[in-house]
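> Sequence and predicted model, in that order:
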Amino acid sequence: MEQPAASEHNTESPTIILGVRTDADFRLRVESLSGEKVMQCYQCGECTAGCPMAFAMDLMPNQVLRMVQLGVSKPVLESSTIWLCAGCETCAARCPRLVSLSKIMDALRQIALSEGKARERNVARFHKIFIDAVARDGRVHEVGMLARYKMAARDLFSDMGLGLRMFLKGKLKLMPDKIKGVDEVRRLIRDTTETPPHPSPKRGGSAAPPPSRRGLGGG
Amino acid sequence: MKYAYFPGCSLHSTAKEYDCSTKAVCETIGVELEEIPDWNCCGASSAHSLSHKLSLALPARNLGIAEKMGLDVAVPCAACYNRMRAAEQELRGNTSERESINKILSAPFEGGISVKTLPEIIGAPDLAESIRENVKKPLSQLKAACYYGCLLVRPPKVMGFDDAEDPRSLDNIVSAIGVETVNWPYKVECCGASFALTKPSIVVKLTYDILRYAKAAGANCIVCACPLCQANLDTRQKDVEAKYGEKFNLPIFYFTELLALAMDLPVEDCLKRHMVATDEVLRAPITVGSGENADKR
């Protein structure tokens, strides 16, 4: 499916649209990271209409897409919206122009993270801690991950009651399962994490220490 | 019929009851499950937020091991299914990505096997007979809102399973064991589970909407196929009731638990782990055409 005649932007220097600084490279970067053609979107608003998280967002999903089309990067990368997207794929399933906004949101999160602009720091931190947990054992040990998240977010007491109820129901497993192939999993994580965590101290050399030692957790 | 079984992290902890009931039911109806040895986490919602390639690489290791076993993969967790299936599809079509990931894997994935979700496997027409034969106690006391959530059926092109807007697979499965199902508008809405920790107030709102539409449609329980949905709707129900001042008391079942109950398999240990008690609704007398629907809104 080729995108319609929208010519490539020829802007080498930033353009000003209605007083907003724009950056044509932004769209190209989003397209290359997401594999989606953002100029396909004709702004019908279906994505926003069906988005279960829209009520909590600062930019509506179709506005995010419009800004990417125009190269308006700053408000997008600094929005809460890109972190509040639940990845539920409702927009992608319903888009009449076959654009996967879910994939575009992924790309925007990756760019925001690489530029240290993650507005919803706890959400970004959670994703990082989750992958750290995978690197640690090969599987996610929920209790350990939860505790590390709560420490990092300095939010030890909310959900204590819930945690206790779950514990009493035998829903929480106390000891982690470490898989035998954990080194292979660490290698997969190390070699495919294109976006270095921010701020990014030097990557470990050989047998990859669990990435939990670095990155957002300390922020 | 034999599958490589991928339980995923939740089924080893918060969703143990999904694991136990799945194994019990599959054994009874003749679906053999062999757990993928040394499987790893699929990366869930976090991997694709950080790196697209990571979201392919983590499932690829499991797919490679399953391919070595020579078996298609059976995945009960809707979230794992989504990630495993998306990786399978993309890696099969994208040779360069596949080759670059395969370099790291001790068991490479070449696209020789495919990933299926449990409702697809259990709901297959050729198992209908086997399910019918094994039903000992039809669950006609239940009136269920089947809840598919987001990741089981979306995006439809990738998942290739059921209807993305009006899925029926769970409805059909539980109908076969005597459960009445309701028609309701929230069956594919997202419950926001990936924000359970980071944005609880959002999750409580989304969960509230799902619970109240299920109730308004006259359901006395919700049936699901996702450990994240189940955990959210079950464990947060008390918070929802407190915040919105509305009582729901809706047990949240895995569809496999209901199958196991109808087949009279031992699942008491599963049910004990639910936050919203299940005994009342399971004991409830058969009420024909109860007028619950109309006045609840």
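Happy to help now that I have it.
> if I've got this straight, B:Ile121 is in a helix?
Yes: the assignment for B:Ile121 (DSSP: H, G, I helix; E, B strand; the rest coil) places it in a helix.
> The nearest residue to it once chain neighbours are set aside pairs with what?
Spatial nearest neighbour of B:Ile121, excluding adjacent residues (C-beta to C-beta, 6 or more residues apart in numbering or on different chains): B:Ala74 at 5.5 Å. Backbone N, C-alpha and C define where each C-beta goes, glycine included. With beta bridges defined as DSSP bridges, B:Ala74 has these partners: B:Tyr5, B:Lys116.
> distance of B:Ala74 from B:Glu67?
Between B:Ala74 and B:Glu67 the distance is 14 Å, computed by C-beta to C-beta, to the nearest Å.
> okay, these two: which has more neighbours?
Comparing B:Ala74 with B:Glu67 by other C-beta atoms under 10 Å in any protein chain shown, the one with more neighbours is B:Ala74, at 28 against 20.
> Grab the nearest non-local neighbour of B:Ala128.
B:Ala176 (6.6 Å).
> can you check A:Lys150 too?
A:Leu156 (5.2 Å).
> OK, contacts around residue 117?
This is for chain A. By C-beta atoms under 8 Å, 6 or more residues apart in numbering or on different chains, the contact set of A:Lys117 is A:77-78.
> Please refer instead to chain B.
B:Thr117 touches B:74-76, B:78, B:81, B:85, B:152, B:159, B:161, B:225, counting by C-beta under 8 Å, 6+ apart.
> Give me every residue in the stretch 151-297 of chain B lying close to chain A.
B:151, B:154-156, B:164-165, B:188-190, B:192, B:194-195, B:197-200, B:202, B:205-206, B:235-236, B:238-239, B:272-275 (C-beta under 8 Å from any C-beta of the partner chain).
> What subset of those is buried?
Buried subset of those (neighbour count, 16 or more other C-beta atoms under 10 Å in any protein chain shown): B:151, B:154-156, B:164, B:188-190, B:192, B:194-195, B:197-200, B:202, B:205-206, B:235-236, B:239, B:273-275.
> Would you mind measuring from the nearest residue to B:Leu271 once chain neighbours are set aside to chain A?
Closest residue to B:Leu271 apart from its sequence neighbours, by C-beta to C-beta, 6+ apart: B:Thr278 at 4.9 Å. Using C-beta to the nearest C-beta, to the nearest Å, B:Thr278 is found at 12 Å from chain A.
> Would you confirm that B:Thr278 contacts B:Pro251?
Yes: contact criterion C-beta atoms under 8 Å: B:Thr278 and B:Pro251 qualify, at 4.3 Å.
> that's a helix at the residue nearest to A:Lys150, yeah?
No: in this structure, A:Leu156 is coil, not part of a helix, as judged by three-state DSSP.
> And for it, the neighbour number?
A:Leu156, neighbours per other C-beta under 10 Å, totals 10.
> A:Ala147 too?
14.
> mind checking which helix or strand it is in?
helix A:142-152 (DSSP states H and E).
> The helix or strand following that helix to helix A:142-152, inter-axis angle?
Note on helix A:142-152: by DSSP H and E, the next helix or strand toward the C-terminus is helix A:160-168. In terms of direction (axes from the mean of the first three to the mean of the last three C-alpha atoms, to 10 degrees), helix A:160-168 departs from helix A:142-152 by 160 degrees.
> For B:Glu32, grab phi and psi.
phi -90, psi 130 (degrees, to the nearest 10).
> near chain B at all, the helix ranked longest in chain A?
Across chain A, the longest stretch assigned as helix under DSSP state H is helix A:121-137. Yes: Helix A:121-137 is in contact with chain B by C-beta under 8 Å from any C-beta, via A:122-123, A:126-128, A:130-131, A:133-134.
> Helix A:142-152 and that helix, what's the angle between them?
Using the same axes, to 10 degrees, helix A:121-137 lies at 140 degrees relative to helix A:142-152.
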